[in-house]
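*Asks:* Sequence first, predicted coordinates after that:
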2 protein chains.
Amino acid sequence: MSQRLIVVGGGAAGMSAASAARRVDPALEIVVLEASGYSAYGMCGLPYYLSGTVARADALLAYPPAFFRDERRIDLRLQTRATRLEPDKHLVHYREDGHEHRLGYHRLIVAAGGAPSIPPVPGLGNNHVFTVRTLEDAISLRSLLDAGHVGRALVIGAGYIGLEMAEALAERGVAVTLAEALPRVMSNLDPPIAALVEEEVRRHGVDLRLGARVDAIRTTPDGLDALIDGKVVTVDVVVVAAGVRPAAGIAGDAGALTGPGGALLVDDRMGTSLPDVLAAGDCIAPYHHVIGRPAFVPLGPAANKTGRVAGTVAAGGDARFPGIVGTAVVKVFDLAVARTGLTLAEAEAERLPAVATDALGRSRAKYYPGAEAVSVRLVHESGGRLLGAQLVGSGEGVAKRVDVVAVALQAGFAVEDLLALDLSYAPPYAPVYEPILLAAQAATARGAAVPA
Amino acid sequence: MSQRLIVVGGGAAGMSAASAARRVDPALEIVVLEASGYSAYGMCGLPYYLSGTVARADALLAYPPAFFRDERRIDLRLQTRATRLEPDKHLVHYREDGHEHRLGYHRLIVAAGGAPSIPPVPGLGNNHVFTVRTLEDAISLRSLLDAGHVGRALVIGAGYIGLEMAEALAERGVAVTLAEALPRVMSNLDPPIAALVEEEVRRHGVDLRLGARVDAIRTTPDGLDALIDGKVVTVDVVVVAAGVRPAAGIAGDAGALTGPGGALLVDDRMGTSLPDVLAAGDCIAPYHHVIGRPAFVPLGPAANKTGRVAGTVAAGGDARFPGIVGTAVVKVFDLAVARTGLTLAEAEAERLPAVATDALGRSRAKYYPGAEAVSVRLVHESGGRLLGAQLVGSGEGVAKRVDVVAVALQAGFAVEDLLALDLSYAPPYAPVYEPILLAAQAATARGAAVPA
């Protein structure tokens, strides 16, 4: 009898896991239980579907369900929610068509993703309140937008998803209020970098309210009245983007060890503390190279990679996921905002002897048309180990420049090691001294260079 | 009495050296001898000045001579050619205003740059034959272009400078014949990558002739007759871009040790084998991390960095230049063509057990408008050490992607180490699996991924 692998969750991590398992073992029985009506779609594309940049929802599907079923022989069950795990009996309970079922497994992978954090604000149950964490939710909101029913919107939370949502709505001509409880946008950036983002958001007409308290959402005949800092803002829809928590429940309830934020702890082969139960994606806390212990940083690339490793290992293959360094980039109107490693604030919270060095570079040779400013902040131990970087500029060239530091972090470089990096140069694409090199020079106090 | 530093050459390396020396020692006497009439200009910008993308020649100057003289108190002497070095006497001979002079030094930095290789073709002495290695030469050619005197041009050599020249001339509406002696363009790329470049060049109407023999250039009443493979091609100007050799003469003649191609050998503090003589820029062969010995790879970033290190050390400061990995990028019409480390051919010439893995990725999420193909070739020891990469695609995002591999080479990564790189992802800027990760997956035979 063939072995059975059950994957809980049909998102990026789950379908990566199922696909990787199939590649390792052609005979394995693979069952995927997915609570929603969709699998393997590009969740990070939802803001671009809302804005209309991506015309149709099905463009976001990596593959249609039939591909997984027919080509990869994966028993993909949509609208099927795993409800309980009995690890000692190797049994998973699930709900399908309104009925409870159970199914045994030899190996199980929890890839249930993340769930939106919902702040304790009365009135968020209204059907014009969206989290836009699922394709269904995005389709509902987009249909309201397409019908011309959304003139005013409140976005709660100015992390990267809230910013993407604000931009998407603004691009549809919606008047957007963006309310953030913290005193700045993107709390995973240091204040000087966040300030550049705030300026960009306001420059595009978004009513950004920092340190804002949303007390209640009230339904009125005219729409929704949001009570913000004691004043009423009337909107047509509310989008809640107040962060993501790991949907680790099924394994956590069964006794799996969890770590930061309640995310599942895993080894570098994606094994949890439960026998024959692996985990991957936004519900885990993988090892973070810079802080030297697990961290909860739910992002697409690690979800895909950890899914792949979990699936490979669950099917008997060999793979490892050594960890993350916390690299992310987000488009905020005309800015690319990127980070990797630790911010100064994060490094200080780790009690590291950290300093930050700021530099202003250019995206191209100064004489080449289209050269734009690139702001760089390097975070490092004084004269020592590189800890992180933040970059802000325009264009995809800026977005990918952060990767240089991401690789350097993975390699354990000192900030001095950056000085001699042999980075590509041609006037249309880069200045002879890359912005990151300028920052490294400033950080090592070697003074300024002759630009070319 | 203050010490005197003489710098031979006022290009990027020389002026970086002089400026770095000034920062270390405010009292040092610093003399720069520059044979041409210009210093510290962006030589890599010359093609863009020819094409008109850069309107005025003075935009290419990093700083005007007065800045170096007044602000940095550097005795910059233009039109002054160093002719001979007497290292035992600490004397340099030079020619200025038609007269021979000599000057003593405590330390000397040779930063004489590169000189164009001139193939042994009769007739290249004509004044409508250009090498476009100096600003003077570019100004002469541009004045012919601006006057409408150039309808047809022959470019000899299809390395990166020849390709940039062909593009610049084509953008001016010139009918360009591009003759290359080797059977492909850019001999520092492997054939499948070079083929993409050849297609791009031909798509833009350039008459590309590979494996071509230019026998002679003859001056006629109508212009210049180039005899190519026994047939006459009539043109108005010829641009020679047949490579660069190190202008190491003054130090080489004085007995300094030279290495590959006649370039000066230096230690990691830019010291030559002669006492108190340092060297920097396109006339040296710095250490190459991948091959483990010196290599002649004359490019702007290393010229600037080695100049800076030489100047710092010459003035009594502390700096090191650990080496290069051979990273370069060039714009060829709508393509960005980048390389780092070794090609397969170069690795085989080193007798390394190398293989190449090709992959085709995208520049953005597949559903995001403007996603473009990115071709990647990874060169690596089978299952082992990463040796190099070549990338071709469009846009500056592609250009900078090669830097990820450049850092990985400097870190000594194995190809497997690339699998877990935590690279930035957002649909407008990158796919969830970066093209380099796809290539690394293919190289380690872990199969394909679920794209998102």
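*Replies:* Received, thanks.
*Asks:* all helices for chain A, in order.
*Replies:* Using DSSP state H, the helices of chain A run over A:12-24, A:46-51, A:65-66, A:135-146, A:160-171, A:191-203, A:249-253, A:300-314, A:344-349, A:396-410, A:415-418, A:435-443.
*Asks:* Tell me which of these sits nearest to residue B:440.
*Replies:* helix A:300-314 (11.2 Å; Cβ to Cβ). C-beta coordinates here come from the backbone N, C-alpha and C atoms, glycine included.
*Asks:* got the angle between that closest one and helix A:12-24?
*Replies:* 40 degrees (axes from the mean of the first three to the mean of the last three Cα atoms, to 10 degrees).
*Asks:* For helix A:300-314, output the C-alpha coordinates as PDB.
*Replies:* Coordinates of each C-alpha in helix A:300-314 appear next as PDB, following Å, rounded to 0.1, in the frame of the first residue of the first chain:
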ATOM      1  CA  GLY A 300       6.200  34.700  -0.100                       C
ATOM      2  CA  PRO A 301       9.700  33.600  -1.000                       C
ATOM      3  CA  ALA A 302      10.300  31.700   2.200                       C
ATOM      4  CA  ALA A 303       6.800  30.300   2.000                       C
ATOM      5  CA  ASN A 304       7.600  28.800  -1.400                       C
ATOM      6  CA  LYS A 305      11.100  27.600  -0.300                       C
ATOM      7  CA  THR A 306      10.000  26.100   3.000                       C
ATOM      8  CA  GLY A 307       7.100  24.400   1.300                       C
ATOM      9  CA  ARG A 308       9.400  22.800  -1.200                       C
ATOM     10  CA  VAL A 309      11.700  21.600   1.500                       C
ATOM     11  CA  ALA A 310       8.900  20.200   3.600                       C
ATOM     12  CA  GLY A 311       7.400  18.400   0.600                       C
ATOM     13  CA  THR A 312      10.800  17.000  -0.400                       C
ATOM     14  CA  VAL A 313      11.600  15.700   3.100                       C
ATOM     15  CA  ALA A 314       8.000  14.400   3.700                       C
END
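*Asks:* what separates it from the chain centre, distance-wise?
*Replies:* 15 Å (Cα atoms, centre = their mean, to the nearest Å).
*Asks:* Tell me if it is near chain B.
*Replies:* Yes: applying Cβ under 8 Å from any Cβ of the partner chain, one finds helix A:300-314 in contact with chain B at A:300, A:301, A:302, A:304, A:305, A:307, A:308, A:312.
*Asks:* Please list only the buried members of these.
*Replies:* A:300, A:301, A:302, A:304, A:305, A:307, A:308, A:312 (16 or more other Cβ atoms under 10 Å in any protein chain shown).
*Asks:* Make sure the last one is actually in contact with residue A:18.
*Replies:* No: using Cβ atoms under 8 Å, residue A:312 is not in contact with residue A:18; the gap is 11.1 Å.
*Asks:* helices and strands of chain A: which one bottoms out on pLDDT?
*Replies:* helix A:396-410 (a mean of 91; mean pLDDT, DSSP states H and E).
*Asks:* That one - contacts with which helices or strands?
*Replies:* Other elements packing on helix A:396-410 under the criterion 3 or more Cβ pairs under 8 Å, 6 or more residues apart in numbering or on different chains; DSSP states H and E are strand A:328-332, strand A:335-341, strand A:373-381, strand A:386-393, helix A:415-418, helix A:435-443, helix B:396-410.
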